[in-house]
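In: Fold the following and give me the result.
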Amino acid sequence: MSKSHIPVLLNECIDNLNISREGVYIDCTLGGAGHSIEIYKRLSLNGHLIGIDQDIKAIEYSKKRFQNINENGQLNIINDNFTNLKDILKDLGISSVNGILADLGVSSFQLDTVERGFSYQNNSDLDMRMDNKSVLSAGYVVNNYDEGKLVKIIKEYGEERWAKRIVNFIIREREKKVIKTTFDLVDIIKKAIPASARREGPHPAKRTFQAIRIEVNNELNILREVINDMADLLTKEGRVCIITFHSLEDKIVKSEFNKLINSCICPRDFPICVCNKKQIIKNITRKPIVPKKEEIENNPRSRSAKLRVYEKL
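Out: Okay, here's the model as predicted:
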């Protein structure tokens, strides 16, 4: 496997899933199957792994990789979005699972497929769709969204301080011609951000590309929606491991799971609890697990990864 396809925080995920040989496990973001294969190897013939990915190319690639793995249990590889987790399991006749893994954001498999348009380091059509059946593309967002909406997306999803200036440059350019490629967009961003601000920090296009990708794939809304489903599906002492790669994802994961961790939500001045809300999840990782220095050196894309682990009560 190439360095770019090394699964992030692999040992930490495997250890924290507390894998039971006869358990049922879901990899919500199959990607190149790096995490899934290691889960599957630890299952007995009575175990069950479900790998999900909305990217048909990832599905095809993962199926080929699993052909070289000894049969360890039941395996289902499913082309769908993990927002449909409950329906997927219902179709399989499964009501609860022992563990769930979600490695969020764009996968190395997608970044390295140049024509997908995820990377600002390669020239390609502006696409960024994780599901190639989706209608909305990066090209549509860049060329058709109005100024206010573009600024909001780049500022909020990209946490980009130069959002308004970048959008002004985008609008000026698209009035002359359609912005077609990733390098077209990179050039515009570089012109928009002052030279002094480009000398330090990450690639100048990183935050804008992140923001557009999140918008195209509705990533943050899907994450908010699916966390309750994950909690519902876990069996007692079942665990969920979630890897995030930027602060917005991490904030959502913390916020949504805190709602499941907290019990009473009555106003503080109520003399007794009337909401009857019970804690259903506990936090295993008070602080997120981050990659060690050796992993970052071996796989630079792991640098911003954070792993949070929760357990069903």
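In: if I look at the residue in the chain sticking out farthest from the centre, how far off is residue 279?
Out: Relative to the centre of the chain, and counting by CA atoms, centre = their mean, the farthest-placed residue is residue 271 at 41.7 Å. The gap separating residue 271 from residue 279 is 21 Å, by CB to CB, to the nearest Å. All C-beta spots, glycine's among them, are computed from the backbone N, C-alpha and C.
In: ditto for residue 186
Out: On the measure of CB to CB, residue 186 and residue 279 end up 47 Å apart.
In: which of these two has more neighbours?
Out: Comparing residue 186 with residue 279 by neighbour count (other CB atoms under 10 Å), the higher total belongs to residue 186, at 19 against 11.
In: Just say helix, strand or coil for that one.
Out: helix (DSSP: H, G, I helix; E, B strand; the rest coil).
In: Identify the residue spatially nearest to it, adjacent ones excluded.
Out: residue 205 (4.7 Å; CB to CB, 6 or more residues apart in numbering).
In: Over to residue 35?
Out: residue 7 is the one closest to residue 35 (CB to CB, 6+ apart), at 4.7 Å.
In: Quick check, the one you found in contact with residue 39.
Out: No: applying CB atoms under 8 Å as the test, residue 7 and residue 39 come out as separate, 10.4 Å apart.
In: quick one, helices of the stretch 101-250 of the chain?
Out: Counting by DSSP state H, counting those that start in this stretch, residue ranges of the helices within the stretch 101-250 of the chain are 108-111, 138-144, 147-157, 163-174, 182-192, 195-198, 206-217, 219-233, 247-261.
In: Can you give the strand pairings for the next helix or strand after the last one, parallel or anti for each?
Out: Yep, that's helix 247-261 we're talking about. Once the chain leaves helix 247-261, the next helix or strand it forms, by DSSP states H and E, is strand 281-283. With DSSP bridges as the test, strand 281-283 is paired with strand 306-312 (antiparallel).
In: Could you give the separation of the strand it pairs with from the chain centroid?
Out: Counting by CA atoms, centre = their mean, to the nearest Å, strand 306-312 is centred 14 Å from the centre of its parent chain.
In: thinking again about what came up before, tell me the most buried of the helices of the stretch 101-250 of the chain?
Out: helix 206-217 (a mean of 24; mean count of other CB atoms under 10 Å).
In: what sits up against that helix?
Out: 106, 118-120, 128-131, 134, 136-138, 141-142, 153-154, 156-160, 163, 166, 182, 185, 189, 219-220, 246, 248 (CB atoms under 8 Å, 6 or more residues apart in numbering).
In: how about 6 Å then?
Out: The contact list for helix 206-217, computed with CB atoms under 6 Å, 6 or more residues apart in numbering, reads 120, 128, 130, 136, 138, 141, 153-154, 157-158, 160, 166, 189.
In: The spatially most central residue of the chain and residue 16, how far apart?
Out: Nearest to the mean C-alpha position of the chain, by CA atoms, centre = their mean, lies residue 104 at 1.5 Å. Distance of residue 104 to residue 16, given as CB to CB: 16 Å.
In: With residue 166 instead?
Out: Distance, residue 166 to residue 16, by CB to CB: 39 Å.
In: What of residue 131?
Out: Residue 131 is 29 Å from residue 16, by CB to CB.
In: With residue 294 instead?
Out: From residue 294 across to residue 16, the span is 19 Å (CB to CB).
In: Neighbour count: these two, which is higher?
Out: Neighbour count, other CB under 10 Å: between residue 294 and residue 16, residue 16 has more, with 22 against 8.
In: Leaving out sequence neighbours, find the closest residue to the more buried one.
Out: Using CB to CB, 6+ apart and skipping residues adjacent in sequence, the residue nearest residue 16 is residue 309, 4.5 Å away.
In: Burial check on that neighbour, number of neighbours?
Out: 20.
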